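Undergrad: dropping the sequence and predicted coords here.
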Amino acid sequence: MYRGSLTILSLLLLSGCSSIPWFGGEEDPRPPTELEDLKSEISVNTLWSADVGEGTDKRRLNLIPAVRGDRLYVADAEGRVVAMNAATGKVLWQRETGLPFSGGPEVDGNYIVLGSSDGDLVALLERDGTPLWNARLDSEILSIPRIAGSRVLVHTLDDSVYAFDLGSGDRLWTYSHQAPVLTLRGSSTPVLTENSAIVGISGGKLVNLELETGLPLWETTVTPPHGRSELARIADIDADPVIVEGIVYAATYNGDLAAVDLASGSVLWRRQLSANAGLTASSGVLYVTDSDDLVWAANPTDGTGIWKQEGLKYRRLTAPAVLGNLVAVGDLDGYVHWLDRRDGRIVAQVEVADGPISGRPQVSGGKLFVYGDDGTVAALSAGSPPTPPRTPPPVQDAGNENTPTR
């Protein structure tokens, strides 16, 4: 996920929206690929659409809808939290907190937790948004807080990980990591196991923290920093790791896609592929949005490419979401692009928002939920694509930074 002068700050946090970390929120100067006229191969229906607030306030934040049961929860950058009926889009309640939310929400049981760009970690009551507690941290929160039983875990922008008591807001433990001089402006969201949390951090490292104590069970380097300049040595893990059957899959900016053994932390394989938007796994295939906005399908046994879609290059794509036989990604112009997961061809594209979609679409109950940076929330459904015209050949290694290689 996403995500002055070099001589002024000792820790420079850069915007990680593409393969070059542009300074001070400047736009990526590389022109996005123009969309071609496309004859849709599937029907896509907008079930409902609503404007629920200010969205991300034109910033790259990690405000992702949360779907729990028949409810959808969203938050905006000006402190509004909204609960909606997921089937109809009807607003059930909304709460104005005045906090600049930047990560969340996470919903579990009776609680909603969110993080702010001022370092506030807050808990609200799920049924009506009543504030429960607020804990102030030392850094911006750009990851989604995670509820793990009676604890809340949060990864802050300075690469600290905190655990708080869910009921009281008391701090239980802190894990601190010395970040490199330069990092991307982003933080991966902790991924929970039964007794631990996997967190991607700067410097290409992956750490497994014990939930009870915060002590590292193991720490491994997915991509060691390399290059002569600090800029070239950026190798952060901002994309949320994915765990499938005892294997952790992680991708680094300016580095590798890798598989790591969950029990030992040993790297099983790594293949060169720069990614910071995100990855997902479904039915034995990894799907990755790389740093040039190519969408990949890769074999989880060794990372070899199955197919890649190059038609959306530089369109600032979201992490992929899988719905049936489709892979969906949002882009900088508010479009959702639908790819056939079997061969990667684009089978439909629908405009959903007026401006960028930077948060990963969410899938629940056979629907795709999309939250645009302008505050638009929409629920979409899509038909199944027809049989691909042919089986694509395996993607061959091209020996460049965008192709998985050993």
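TA: On my side now, so go ahead.
Undergrad: going by C-alpha atoms from here, please, whenever you check contacts or count neighbours.
TA: Fine.
Undergrad: does D374 touch L63 like I think?
TA: No: D374 is beyond contact range of L63, at 11.7 Å (criterion: C-alpha atoms under 8 Å).
Undergrad: could you look up the SS state of the closest residue to L153 other than its chain neighbours?
TA: Setting aside the residues directly before and after it, L153 is nearest to A163 in space (C-alpha to C-alpha, 6 or more residues apart in numbering), at 4.6 Å. At A163, secondary structure determined by DSSP: H, G, I helix; E, B strand; the rest coil is strand.
Undergrad: give the residue from D374 and L63 that has the larger number of neighbours.
TA: Neighbour count, other C-alpha atoms under 10 Å: between D374 and L63, L63 has more, with 29 against 21.
Undergrad: need phi/psi at that one.
TA: phi -90, psi 100 (degrees, to the nearest 10).
Undergrad: quick revisit: which residues do D374 and L63 both contact?
TA: Common neighbours of D374 and L63, using C-alpha atoms under 8 Å, 6 or more residues apart in numbering, are T56.
Undergrad: hang on, the earlier thing: and the residue nearest to L153, how far is that from L172?
TA: 5 Å (C-alpha to C-alpha, to the nearest Å).
Undergrad: check contacts around the nearest residue to I357 once chain neighbours are set aside.
TA: Nearest residue to I357 in three dimensions, chain neighbours excluded: G372, at 4.5 Å (C-alpha to C-alpha, 6+ apart). Listed by C-alpha under 8 Å, 6+ apart, the contact partners of G372 are 55, 334, 352-359.
Undergrad: so what's the residue count around S116?
TA: Neighbour count for S116, taken as other C-alpha under 10 Å: 25.
Undergrad: got it, and G246?
TA: Neighbours around G246, by other C-alpha under 10 Å: 11.
Undergrad: ditto for P320
TA: A count of nearby residues for P320, using other C-alpha under 10 Å, gives 29.
Undergrad: what's it in contact with, if anything?
TA: Applying C-alpha under 8 Å, 6+ apart, we find P320 in contact with 278-280, 287-289, 295, 327-329, 360-361.
Undergrad: can you do 10 Å?
TA: Shown in contact with P320 (C-alpha atoms under 10 Å, 6 or more residues apart in numbering): 277-281, 286-289, 295-296, 326-330, 337-339, 359-362.
Undergrad: what touches both of A163 and L172?
TA: Applying C-alpha under 10 Å, 6+ apart, one finds that A163 and L172 are jointly contacted by 151-153, 211-214.
Undergrad: identify the farthest-apart pair in the residues you listed.
TA: V152 and T213 (13.0 Å; C-alpha to C-alpha).
Undergrad: end to end on stretch 238-250, go ahead and measure it.
TA: Length of stretch 238-250, first residue to last, C-alpha to C-alpha: 9 Å.
Undergrad: please consider this matter closed, and thank you.
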